[in-house]
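Engineer: fold the following, please.
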Amino acid sequence: MGTYTLKSIGKSTDYMTIVRDMEDGYVVRIVRDRDGYEDITTDYISKALFDSCIRTGYLTKIEEPVKLAVNA
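Structural biologist: Prediction:
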């Protein structure tokens, strides 16, 4: 699948991991740093929106997986 960093404001480091590839999009898990605690959500993103986010630099693929929170 793949893990991506999300462009953030400030020093926050947010990540998105593709959980499932579907015909017209992806199910993703997003981990956001919220003032010292992690906000973890699972959502859907269309392939068109995903491609747009890659082109504009909002999402950047990371080569080595980061250690994400396991508490959900």
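Engineer: show the pLDDT at Gly57.
Structural biologist: With respect to pLDDT, Gly57 scores 93.
Engineer: that one: what's it in contact with?
Structural biologist: Lys7 (CB atoms under 8 Å, 6 or more residues apart in numbering). In this view, the C-beta of every residue, glycine as well, is placed from N, C-alpha and C.
Engineer: what's the spacing between it and Thr17?
Structural biologist: Distance of Gly57 to Thr17, given as CB to CB, to the nearest Å: 18 Å.
Engineer: run through the strands of this structure in chain order.
Structural biologist: Ranges of strands within the chain are 2-6, 14-21, 25-34, 37-46, 59-61, based on DSSP state E.
Engineer: those strands into a markdown table, with extra columns for mean neighbour count and distance to Ser52?
Structural biologist: Supplementary listing: these in a markdown table, determined by neighbours: other CB atoms under 10 Å; distance: least, CB to CB, whole Å:
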| stretch | mean neighbour count | distance to Ser52 |
| --- | --- | --- |
| strand 2-6 | 16 | 13 |
| strand 14-21 | 16 | 14 |
| strand 25-34 | 17 | 12 |
| strand 37-46 | 12 | 9 |
| strand 59-61 | 13 | 9 |
